[in-house]
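Q: structure, please.
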Amino acid sequence: MKVFVTGGAGYIGSHTLVALLAAGHEVCVYDNFDNSSPVALARVRQLTNRDMAVVEADVRDNDALTRALTDFAPDAVVHFAGLKAVGESNDIPLRYYQTNVTGTMNLLAAMDAARCKRIVFSSSATVYGEAQYLPFDEEHPIAPTNPYGRTKAMAESVIGDWASATPDASAVLLRYFNPVGAHESGRIGEDPQDIPNNLMPFVAQVAVGRRAKLSIFGDDYDTRDGTGERDYIHVVDLAAAHLAALEYSARAVGCEAINVGTGQGITVKELVAAYEAACGQPIAVEIAPRRPGDVASSYAATTKAERLLNWCAALDVDDMCANSWLWQSENPMGFEGD
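A: Coordinates of the predicted model:
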């Protein structure tokens, strides 16, 4: 299969590339390297002993996108390219709408020009907003509480309308929960360009000495130990879900939203303890006030993924932490050190 991957040099994209190339697929990566590194692609080539086409351009560049898709003529598209920091989206919302929504519209128009009718979209559980019940299933109301979540929800709607209007089109919207971990080789992993927005990369940077301590925002939630509980999924399991979604898209038409998580919650303190076991040293923490908008618990209902994709997560929190620590300890400054 020929697969066009936007944002393929990023964290989730690079791990999915490994899975695609290992499965024998032909790949073209489209990435502007705004929040990623060409070094990740070089390491993917080393890990798989396979090459790929690369186009350096932005999804907001309609002409470049159309040209790249038409030249490559893919069977399917995996769409990762986008901005993803909740806090930043409050500060620069227009850029988020331009990249995440207009970029998706540009991609679908380019797919039409290239006569490609299959897409797997990198969405987020952020589209659900505040939990009306748990676990989150795909029927939960969509009510995002920040610009990032709204751009993901809007992009989902655009893709759904495109699929409805395009004969034989197939779209899979993968709603991720909390991707963490790294490839077991330690050669690729999460490499935040600034202060990490997510828990595990921050813990990793404390463990490797890049940051002094971790702030735990609130320890009085209604959870097992008072700290927030989230559904963390290993990025390698997430990559496997994309391959399963591509296979599903070949035999289905229409648009389906599917949660990608483990179905189990892990608290902040539990994750820190697992990371301490992985790195063999204590993690310095401090308890800070709750952050506005944080909820006590969030985890996925995963039965739809199991039923439609024949997929479920295989790796646990110990795997997540061990692989993350191998990546961070061997690459303390991320891809910058290469």
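Q: now do Met52 against Ser329, distance only.
A: Here Met52 is placed at a distance of 28 Å from Ser329 (CB to CB, to the nearest Å). Just so you know, the C-beta spots here come from the backbone N, C-alpha and C atoms, and that holds for glycine as well.
Q: now swap in Thr227 and tell me
A: 25 Å.
Q: between these two, which is the more surrounded one?
A: Remark: of Thr227 and Ser329, Thr227 carries more neighbours, 23 against 14, as counted by other CB atoms under 10 Å.
Q: now do the more buried one, the pLDDT please.
A: Thr227 carries a pLDDT score of 97 in this model.
Q: list the buried residues of stretch 93-111.
A: Residues of stretch 93-111 classed as buried under the neighbour-count rule (16 or more other CB atoms under 10 Å) are 96-108, 110-111.
Q: now do it, average pLDDT.
A: Stretch 93-111 comes out at a mean pLDDT of 98.
Q: residues touching it, excluding its own?
A: 6, 58-62, 65-66, 68-70, 77, 79, 81-83, 88-89, 117, 119, 121, 147-148, 151-152, 154-155, 158-159, 162 (CB atoms under 8 Å, 6 or more residues apart in numbering).
Q: repeat for stretch 205-216
A: Applying CB under 8 Å, 6+ apart, the external contacts of stretch 205-216 come out as 196, 202-203, 227, 268-269, 272, 275, 279, 281, 283-288, 325, 328-329, 332-333.
Q: now do that stretch: distance to the chain's middle.
A: Distance of stretch 205-216 from its chain centroid, counting by CA atoms, centre = their mean, to the nearest Å, is 23 Å.
Q: what is the end-to-end distance of that stretch?
A: Distance across stretch 205-216, first residue to last, is 15 Å (CA to CA, to the nearest Å).
Q: for stretch 283-301, same thing?
A: 31 Å.
Q: read off the pLDDT value for Tyr11.
A: pLDDT at Tyr11 comes out at 97.
Q: same check on Ala85?
A: Model confidence at Ala85 (pLDDT) stands at 88.
Q: and Ile216, which of the three is it?
A: Here Ile216 takes the strand state, with states given by DSSP: H, G, I helix; E, B strand; the rest coil.
Q: next, the buried residues of the helix or strand containing Ala64.
A: If you go by DSSP states H and E, Ala64 is part of helix 62-72. Neighbour counts over helix 62-72 (16+ other CB under 10 Å) mark Asn62, Ala64, Leu65, Thr66, Arg67, Ala68, Leu69, Phe72 as buried.
Q: show me what the longest helix belonging to the chain is packed against.
A: The single longest helix within the chain, with elements called by DSSP state H, is helix 147-165. Applying 3 or more CB pairs under 8 Å, 6 or more residues apart in numbering; DSSP states H and E, one finds that helix 147-165 contacts helix 86-91, helix 93-96, helix 103-114, strand 118-124, strand 170-176, strand 254-260.
Q: alpha carbons of it, as CSV, please.
A: Output of helix 147-165 as CSV, limited to C-alpha atoms (Å, rounded to 0.1, in the frame of the first residue of the first chain):
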residue,chain,number,x,y,z
PRO,A,147,-9.3,26.0,21.2
TYR,A,148,-7.2,23.0,20.6
GLY,A,149,-10.0,20.6,21.3
ARG,A,150,-12.4,22.7,19.2
THR,A,151,-10.1,22.6,16.2
LYS,A,152,-9.9,18.8,16.5
ALA,A,153,-13.7,18.5,16.8
MET,A,154,-14.2,20.9,13.8
ALA,A,155,-11.7,18.9,11.7
GLU,A,156,-13.6,15.7,12.6
SER,A,157,-16.8,17.3,11.3
VAL,A,158,-15.1,18.5,8.1
ILE,A,159,-13.8,15.0,7.5
GLY,A,160,-17.2,13.4,8.2
ASP,A,161,-18.9,15.8,5.8
TRP,A,162,-16.3,15.0,3.2
ALA,A,163,-16.8,11.3,3.6
SER,A,164,-20.6,11.6,3.3
ALA,A,165,-20.2,13.6,0.1
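Q: next, the buried residues of that helix.
A: Neighbour counts over helix 147-165 (16+ other CB under 10 Å) mark 147-156, 158-160, 162-163 as buried.
Q: centre of the chain to it, how far?
A: Its chain's C-alpha centre and that of helix 147-165 lie 17 Å apart, by CA atoms, centre = their mean.
Q: who touches that helix?
A: Counting by CB under 8 Å, 6+ apart, 82-86, 88-90, 93, 96-97, 99-101, 104-105, 108, 119, 121, 123-124, 126-127, 129, 142, 144, 169-171, 173, 253-255, 257 sit against helix 147-165.
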